[in-house]
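[1] the sequence and its predicted three-dimensional model are supplied below.
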Amino acid sequence: MTTPGEPPTDQRAAAVEVRSVSRVFGSGRQAGPVVALDEVDLTVAAGEFVSLIGPSGCGKSTLLRLVADLDTPTAGSITVFGRSPEQARLAHDYGIAFQQAGLLPWRTVRANVELPLGLHGTGRAERRARAEHLLELVGLADFADHFPDQLSGGMQQRVAIARAFAEEPSLLLMDEPFGALDEMTRERLQVELTRICAQTRAAVVFVTHSIPEAVFLSDRVVVMSARPGRIQQVVDVRLGAGAAREDTLRQDGAYFDAVTEVRAALHGGEPARVVGVENR
Amino acid sequence: MSAPTAGGRGTTVAREALPRVAAPVLLAGGLLVVWEVAVVTAQIPPFLLPSPRAIAGEVQAMWPTLSGAIVVTGTNALVGLVIGALVGVGAAILAGMARSVDRVLAPMVAGLAVVPIVALAPVLYTMFGAAAETARWVVAAVAAFVPVFVTTLRGLRQTRPVHRDLLRVYAATRRQVTRTLTIPTALPFVFTGLRLASSLAVISAIVAEYFGGPRTGIGSFITTAAAGSNYARAWAFVVGGVVVGLVFYGVTLALEHLVRRRTAPVVSR
């Protein structure tokens, strides 16, 4: 898929570089244009886990879709490993997972994980081996020949995550992948995700509306505000390397501090008056 | 996150299938008995309603003719169904690709859906010659075309945004999108249309025979027997028509189930 003049992947380049990006929706017959994103700047380093959090309408999903080349910015520029989002998409630089698992119901779990590999011409044997390994990684090796509607929502989402990792991307884009799951499943998958990320060293941009989830997973939490969508504050979460993130972290003092800080940022810089932590 | 219980499904199906099949069979048997008793005790004249036993006797006696008629009418319906389905799927694909084609075709299909196409049979017999079965194929094909076109077009528009986004992210080509997403999504709809079309094709093929053409099919023999006041025989041919209809319906229903089993829409559980 290499076209002449296409800049090669620069391993030292940031995974994602967003420069004063704006996205304005609808200026036609509607009541007026909606500014989903206004002059947003953001850099995600290679291997870094960054969460986008904010109220609905703050443009966090829009920003992710712009990076994924599912939408184009009205102004500003985005690069993914030094290339344009379109070049990055055509070069299969990133994997993606949505809030809906989005599995093809007529394919087995294994065939779903193999989907991106099959589309890009990977050989049969290699596809199979890769799918086997990935399903092992998400703990679904025994379910390879099941169909998606035979699995629970959490299991379907794990298949979707395995699929996102199929081509060993160095960047993973996730749009509320655990949003539709119950709290227990959610926490288990969070631990699993940090483990897989530590193994693959992929950078992750993770959209969520859960403060504890953002803090638990991320190196940095980007807090956004709505109308117009802007970055309010970036909270550095220093909870140690990904490998060290186990469930015990959820009782850690530093974890609570970070949760409080993100919550304060979300409420527009006012001091948080919450005593203790609402763990949701 | 419990493992799905696939085991024991076979026995459960068998246990549930028996009453499901037995109940309608018992009902039909009961109705036949009531019918027989009513005709005999009330001495209903045969031109009003022949008894089931008389009809069964005619089925047996006429079997060589009846089986031939079943084959002729069944073949006509099948040819019509296949032509109508192919044209319907093809037209739906064109309409699905280009809005302009859709805009041109939609009024025509709406027109075809309300016109009783069998009414055109006499004209078609003149057109294609009264000794040929062609007119019957045309009638059955037009009747089958409409539901196949409508359901296929709908099926082609059922792809979910999340799947489209996914294939775009994976830089899938148009052909890959068609093969991996559009066709599998549309298939259950196509087969539902086919099931609806199969009954219409059989009905149209039989009714078209009432208006002329070669005296070979079930419809022709029903009119002949009724005109000759042989009511039990007319009913025997009606039974033949029921057989053709049931076979068509059963086969297409089985096909639909086969396809739908693997393409059931994802329900979040």
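    Structure's in. What do you need? Numbers count the residues shown, from 1 in each chain, chains lettered A, B, ... in the order given.

[2] give me the low-pLDDT residue ranges for chain B?
    B:1-15, B:261-269 (pLDDT under 70).

[3] quick one, helices of it?
    B:9-42, B:52-61, B:63-97, B:99-114, B:121-128, B:134-156, B:161-169, B:174-177, B:183-209, B:218-227, B:231-263 (DSSP state H).

[4] could I get these as TSV with distance to A:Ala203 and mean neighbour count?
    C-beta: built from backbone N, CA, C; applies to glycine. Below are the helices of chain B laid out as TSV (distance: least, CB to CB, whole Å; neighbours: other CB atoms under 10 Å in any protein chain shown):
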stretch	distance to A:Ala203	mean neighbour count
helix B:9-42	44	11
helix B:52-61	76	17
helix B:63-97	39	20
helix B:99-114	41	12
helix B:121-128	68	16
helix B:134-156	38	25
helix B:161-169	16	18
helix B:174-177	27	12
helix B:183-209	33	24
helix B:218-227	71	20
helix B:231-263	36	18
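
[5] could you dump those to TSV with distance to A:Arg65?
    Compiled in TSV, those are given as follows (distance: least, CB to CB, whole Å):
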stretch	distance to A:Arg65
helix B:9-42	41
helix B:52-61	67
helix B:63-97	26
helix B:99-114	26
helix B:121-128	55
helix B:134-156	25
helix B:161-169	8
helix B:174-177	19
helix B:183-209	22
helix B:218-227	60
helix B:231-263	28
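
[6] distance to chain A for those helices - can I get that in a markdown table?
    Formatted as a markdown table, the helices of chain B follow (distance: least, CB to the nearest CB, whole Å):
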| stretch | distance to chain A |
| --- | --- |
| helix B:9-42 | 11 |
| helix B:52-61 | 43 |
| helix B:63-97 | 18 |
| helix B:99-114 | 19 |
| helix B:121-128 | 41 |
| helix B:134-156 | 13 |
| helix B:161-169 | 4 |
| helix B:174-177 | 6 |
| helix B:183-209 | 5 |
| helix B:218-227 | 39 |
| helix B:231-263 | 5 |
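
[7] can you tell me the average pLDDT over stretch A:58-70?
    Averaging pLDDT along stretch A:58-70 gives 92.

[8] and B:Val190, how far is that from B:Val89?
    B:Val190 sits at a distance of 6 Å from B:Val89 (criterion: CB to CB, to the nearest Å).

[9] could you do B:Phe221 as well?
    According to CB to CB, B:Phe221 stands 33 Å off from B:Val89.

[10] same deal with B:Leu246?
    Distance from B:Leu246 to B:Val89, by CB to CB: 25 Å.

[11] show the contacting residues for the closest residue to chain B within the stretch 101-250 of chain A.
    Across the stretch 101-250 of chain A, no residue is closer to chain B than A:Gly102, which sits at 3.9 Å (CB to the nearest CB). A:Gly102 is in contact with A:160, B:160, B:162-163, B:165-166, counting by CB atoms under 8 Å, 6 or more residues apart in numbering or on different chains.

[12] cool, B:Ile222 as well?
    B:206, B:210, B:234, B:237-238, B:241.

[13] so which strand or helix has the nearest residue to A:Thr72 once chain neighbours are set aside?
    Excluding its sequence neighbours, the residue lying closest to A:Thr72 (CB to CB, 6 or more residues apart in numbering or on different chains) is A:Leu66, at 7.1 Å. Taking DSSP states H and E as the criterion, A:Leu66 maps to helix A:60-67.

[14] quick check: what element follows that helix along the chain?
    Past helix A:60-67, the next helix or strand by DSSP H and E is strand A:75-80.

[15] please save the CA atoms from that following strand in PDB.
    Taking C-alpha atoms only, strand A:75-80 is exported to PDB below (Å, rounded to 0.1, in the frame of the first residue of the first chain):
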ATOM      1  CA  ALA A  75      -9.400  23.600  10.400                       C
ATOM      2  CA  GLY A  76      -6.100  22.500  11.800                       C
ATOM      3  CA  SER A  77      -3.900  19.500  11.200                       C
ATOM      4  CA  ILE A  78      -3.600  16.000  12.600                       C
ATOM      5  CA  THR A  79      -0.700  13.600  12.100                       C
ATOM      6  CA  VAL A  80      -0.400   9.900  13.100                       C
END
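
[16] can you list the residues of the stretch 151-280 of chain A near chain B?
    A:151-156, A:180, A:185 (CB under 8 Å from any CB of the partner chain).

[17] help me confirm that A:Met174 is found in a strand?
    Yes: checked against DSSP: H, G, I helix; E, B strand; the rest coil, A:Met174 lies within a strand.

[18] which residues are in contact with the residue nearest to the spatial centre of chain B?
    In chain B, the residue lying closest to the centroid (CA atoms, centre = their mean) is B:Ser198, at 1.7 Å. Taking CB under 8 Å, 6+ apart as the criterion, B:Ser198 is in contact with B:77, B:81, B:144, B:248-249, B:251-252.

[19] show me where the stretch 151-280 of chain A has its strands.
    A:171-175, A:203-208, A:220-225, A:230-236 (DSSP state E, counting those that start in this stretch).

[20] most packed of the ones you listed?
    Across those, the average number of neighbours (mean count of other CB atoms under 10 Å in any protein chain shown) peaks for strand A:203-208, which reaches a mean of 26.

[21] so how far is that strand off the chain centroid?
    3 Å (CA atoms, centre = their mean, to the nearest Å).

[22] please save the CA atoms from it in CSV.
    The C-alpha coordinates for strand A:203-208 follow below in CSV (Å, rounded to 0.1, in the frame of the first residue of the first chain):
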residue,chain,number,x,y,z
ALA,A,203,-0.2,4.0,22.4
VAL,A,204,-3.8,4.3,23.3
VAL,A,205,-6.4,7.1,22.9
PHE,A,206,-9.3,6.1,25.1
VAL,A,207,-12.6,8.0,25.2
THR,A,208,-14.6,7.5,28.3
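
[23] which strands border it, and is each parallel or antiparallel?
    Under the criterion DSSP bridges, strand A:203-208 sits next to strand A:49-53 (parallel), strand A:171-175 (parallel) in its sheet.

[24] got these as JSON lines, with distance to B:Ala61 and mean pLDDT columns?
    As requested, the strands paired with strand A:203-208 are exported to JSON lines (distance: least, CB to CB, whole Å; pLDDT from 0 to 100):
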{"stretch": "strand A:49-53", "distance to B:Ala61": "81", "mean pLDDT": "93"}
{"stretch": "strand A:171-175", "distance to B:Ala61": "72", "mean pLDDT": "93"}
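
[25] if anything else comes up later, I'll come back, but that's it for now.
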